[in-house]
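[1] Let me see the structure of the following:
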Amino acid sequence: MTDKQIIFLILIIWSIPSTYFRSKFRKIVYQTDDWKINIKPLFKKEIIGLFSNMYPDNKDYLKTRNYYRIYLVVYLILFIIYNLIK
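    Numbers count the residues shown, from 1 in each chain. Okay, the predicted model is just below:
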């Protein structure tokens, strides 16, 4: 197995919990428990919620946002490494 294949496998495995993190984050940002929020292409408020502080008093929002940020940064790093490996 090459290095590129190993990183690709890690990327696949790392992407599995993305649905959980994104769903939880979107439900807080859009203030709904409706499952359909996971399939709607609503990005503007989600991006604002990710890079700003929409609900400074909501501890669950802050905790979820920070976990989601870390998750996305690691995902980005893995993706960059995958693209840099020849």
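[2] what's the burial count for Tyr61?
    19 (other C-beta atoms under 10 Å). In this view, the C-beta of every residue, glycine as well, is placed from N, C-alpha and C.
[3] dump the residue contacts of it.
    If you count contacts by C-beta atoms under 8 Å, 6 or more residues apart in numbering, Tyr61 has them with 28-29, 49, 54-55.
[4] Narrow these to those that are buried.
    28-29, 49, 54 (16 or more other C-beta atoms under 10 Å).
[5] Does Met10 touch Tyr75 like I think?
    Rather than Met, residue 10 is Ile. No - using C-beta atoms under 8 Å, Ile10 is not in contact with Tyr75, being 10.3 Å away.
[6] what comes up buried for stretch 43-52?
    In terms of neighbour count (16+ other C-beta under 10 Å), stretch 43-52 has its buried residues at 46, 49.
[7] CA atoms only for it, dumped as PDB, please.
    Output of stretch 43-52 as PDB, limited to C-alpha atoms (Å, rounded to 0.1, in the frame of the first residue of the first chain):
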ATOM      1  CA  PHE A  43     -24.900  27.400   3.800                       C
ATOM      2  CA  LYS A  44     -24.800  31.100   4.600                       C
ATOM      3  CA  LYS A  45     -26.000  30.900   8.200                       C
ATOM      4  CA  GLU A  46     -23.900  27.800   8.800                       C
ATOM      5  CA  ILE A  47     -20.700  29.500   7.500                       C
ATOM      6  CA  ILE A  48     -21.500  32.600   9.700                       C
ATOM      7  CA  GLY A  49     -22.100  30.300  12.700                       C
ATOM      8  CA  LEU A  50     -18.800  28.500  12.000                       C
ATOM      9  CA  PHE A  51     -16.600  31.600  11.800                       C
ATOM     10  CA  SER A  52     -18.400  34.000  14.200                       C
END
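[8] And the contacts of that stretch?
    Under C-beta under 8 Å, 6+ apart, the answer for stretch 43-52 is 25-26, 28-30, 54, 61, 65, 68-69, 72.
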